[in-house]
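>>> got a predicted structure plus its sequence, pasted below:
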Amino acid sequence: MPLNSEQIGQKIDYLRAINQEGMIDRSRIRDIMNGGEAAVKALLGDKMNVEYNQLPAPNLFLTALERFAQKLGRAPDLKVDLLNDNDSQRAKKKSEKVERIVASYDKFSSLHKQLPQAARWLPGYGFVVWTLTHRRDRNGNAYPYAELQDSFNCYPGNFGNDQQPNELGIIRRVPHGILAEQYPEAKQYIYAQNETAQESAYSILIETTERQGSWANSTGQGKVVVEYRDSEGTYIFLPENNKIIDFIPNMLSSGPCFVVAKRYSFDQMQSQFQHITGLMANMAKINILGTIAMEDAVFTETNIVGEIESGKYRKGRGAVNYFAPGSSVSKPVNNLPYQLFQQVDRLERHLRLGAAYPVSDDGQSPNSFVTGRGLEELGQSASLHVREYQGILKEAMEQLDAKRLEYDEVMFPDKRKPIAGMHNGTAFKEMYTPTSDIAEMYDTRRVYGVMAGFDEPQKIITGLQLKQQGIIDTQTLQENMDGLDNITKIKDRINAEKAETVLFESLMSQAAQGNPQATIAAIEIRKNPQNMTDILDKFYTAEGEEPSEEELALLGQQGGPQIPSGPGGGLPGLEQVLGAIGQGPPPQGVPSG
């Protein structure tokens, strides 16, 4: 049964309450990642009077997050398995058709652009949210659409043991014009002021957390809108007016129209960087103190014992000062202790250990660590982190695939629609009908490659080693390499090149043995190397078996043995060929005389 305005308000208040602790962590992480004045205050406190562009400390949080996102931001491979080991041709075609349908969903939703952003929010905020709706293409055809939501504005419900909440609240500001364009029948509420004299608690919340705008609304201006989703449907609620302006019923039997990918933690939803914020702050403080100490050492005071006879004391290059006999001038030495730099290195190592961020990700040698421990331990920890995040995204993508397939079949069962895209290196364009082509086949399997998360040198070296040991084949190695999109065409070219090489070597061998057709073909290849494929086709087909008189004459002019023509101008007989060979130089391997 749909909820009323009062019930929606109570639900949102509950979601805000259970996410209150997490919002503090989210606000701090977002301020540090975005930089600026908010980052300085988040690290050093409100009383620190330092501009962000003058802060002598690297933002290791941001670089660590970027390196993780670069490893996680690629979509896993899509596979639809055959049911009950049914390997009939019809079952194979059906599973391949479902794969192409889901691949077209990914293209329509621009999933290749959403995943790099999701790979930043998942470690940074601890979770990422996709909501499900539908959009239309330029021809008016409706397709399921997976929309990535800003995790900062999302308030998920209790996750439970299955790590998937049953309700979700999204609180954000939407510009009045855009909101009125989407809901023209609610213009009177959209442009209306708050009905009560007190300011809305939601407005206060957003004012304190969106001082610089948000990911979807950089201005930070507009109407406060609450979007509440549960198993009943989606509610669009204006808290300042206490008005529900839209309700979209949920047609899915599998649950609400959203998917949440959550980072594993002990018992609270936390960012990966929450426990090392203090290390980052201490590192910034020590760097600031070191910079101040170095400036003080450069501009240290000058101590003069005696009287100066040249008037004012002069400084700088070329300055000359005259003192009375017995006078002395000295500048106290204020060197920085070596332990200070050791402490900075120690803090950086602890921060990298806590963030699973090895120096090798930045192209540095791991021997720069104070302890001398290398890439093995820390690199293994980082790869395990990447594997765990890949498992989280894999589960979320499989749930998203199932909901999109179900949504398409339930909402548009008999609508025949076109799909197009690229799958397994092959372009496709065809028609499909959800009822007949999907037919409740919602389960997919998302698979990360065996070398997912490796950089390119690691992929090449590891892939060649695995192939040499017989663990993987050439196609698996190609599928895990970046830039090899159309693997089918690449395989065709490799096979054609191998066949062409064998045929060319066979042609040269026959030409060396005195075969006139092979010799003529070799001459043509020398003259027109760009036409080698056509010349080989002509030589190895029946059309080019007998050379013409002009080709025979040309062959004679090349200095080779003269091949007499046979009766009627045809090919010579065996005795004539042997006689001609006997007049010329002996064949290879035959002794002369």
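Nice, I can see it.
>>> only C-alpha atoms for contact and neighbour calcs from this point on.
Will do.
>>> beta partners for Gly233?
Beta bridges link Gly233 to Pro249, judged by DSSP bridges.
>>> number of nearby residues for it?
Counted with other C-alpha atoms under 10 Å, residues neighbouring Gly233 total 20.
>>> surely it meets Pro249?
Yes: between Gly233 and Pro249 there is a contact at 4.1 Å, judged by C-alpha atoms under 8 Å.
>>> got phi/psi on the residue of the chain most remote from its centre?
Going by C-alpha atoms, centre = their mean, the residue of the chain most distant from its centre is Pro325, 74.1 Å out. Phi and psi for Pro325, reported as degrees, to the nearest 10, are phi -60, psi 140.
>>> quick one: pLDDT of it?
Per-residue pLDDT puts Pro325 at 86.
>>> list the residues that contact it.
Not one residue lies near Pro325 by C-alpha atoms under 8 Å, 6 or more residues apart in numbering.
>>> can you get me a residue count around the residue nearest to Phe412 when sequence neighbours are not counted?
Spatial nearest neighbour of Phe412, chain neighbours left out: Pro434 (7.0 Å); criterion: C-alpha to C-alpha, 6 or more residues apart in numbering. As a burial measure, Pro434 scores 23 neighbours (other C-alpha under 10 Å).
>>> so Pro434 sits right up against Met411, yeah?
No: the pair Pro434 / Met411 is not scored as a contact, 9.3 Å apart, by C-alpha under 8 Å.
>>> which residue ranges make up the domains of this structure?
Domain segmentation of the chain under automatic domain parsing yields 275-355, 456-485, 489-583.
>>> coming back round to it: distance of the residue farthest from the centre of the chain from Ile308?
As for Pro325, its distance to Ile308 is 10 Å (criterion: C-alpha to C-alpha, to the nearest Å).
>>> helix, strand or coil for Arg446?
Under DSSP: H, G, I helix; E, B strand; the rest coil, the three-state class of Arg446 is strand.
>>> returning to that earlier point: now do the contacts for the residue nearest to Phe412.
Asp408, Glu409, Phe412, Pro413, Asp414, Lys415, Arg416.
>>> could you redo the last one with a cut-off of 10 Å?
Counting by C-alpha atoms under 10 Å, 6 or more residues apart in numbering, Pro434 touches 98, 101, 405-417, 440.
>>> same check, this time on Gln164
Each residue near Gln164 by C-alpha under 10 Å, 6+ apart is listed here: Pro156, Gly157, Asn158, Phe258, Val259, Val260, Ala261, Lys262, Ala396.
>>> list the contacts of Gly177.
Shown in contact with Gly177 (C-alpha under 10 Å, 6+ apart): Tyr183, Pro184, Lys187, Ile190, Tyr191, Gly222, Lys223.
>>> okay, and which of the residues you listed map to helices?
Counting by DSSP state H, the contacts of Gly177 place Lys187, Ile190 in helices.
>>> and the contacts of Gly177, which are buried?
Those of the contacts of Gly177 that meet the buried threshold are Lys187, Ile190, Gly222, Lys223, by 16 or more other C-alpha atoms under 10 Å.
>>> next secondary structure after the helix ranked longest in the chain?
Criterion DSSP H: the longest helix present in the chain is helix 375-411. Per DSSP states H and E, helix 375-411 leads on to strand 417-423 as the next helix or strand towards the C-terminus.
>>> low-confidence stretches in the stretch 101-250 of the chain?
Along the stretch 101-250 of the chain, segments meeting pLDDT under 70 span 193-220.
>>> now with 90?
158-164, 172-180, 182, 184, 186-224, 240-242 (pLDDT under 90).
>>> helices of that one, residue ranges please.
Assigned by DSSP state H, counting those that start in this stretch, the helices in the stretch 101-250 of the chain fall at 111-125, 176-182, 187-190, 201-209.
>>> can you give me the strands in the stretch 201-350 of the chain?
223-229, 233-238, 243-249, 258-262, 303-305, 328-330 (DSSP state E, counting those that start in this stretch).
>>> quick one: which of those strands is nearest Lys113?
Ranking the strands of the stretch 201-350 of the chain by proximity to Lys113 (C-alpha to C-alpha) places strand 258-262 first, at 17.0 Å.
>>> residues of that closest one that come out buried?
Quick answer for strand 258-262 (16+ other C-alpha under 10 Å): Phe258, Val259, Val260, Ala261, Lys262.
>>> how many other residues sit next to the residue nearest to the last one when sequence neighbours are not counted?
Spatial nearest neighbour of Lys262, excluding adjacent residues (C-alpha to C-alpha, 6+ apart): Phe127 at 4.2 Å. Taking other C-alpha under 10 Å as the criterion, the count of residues near Phe127 is 24.
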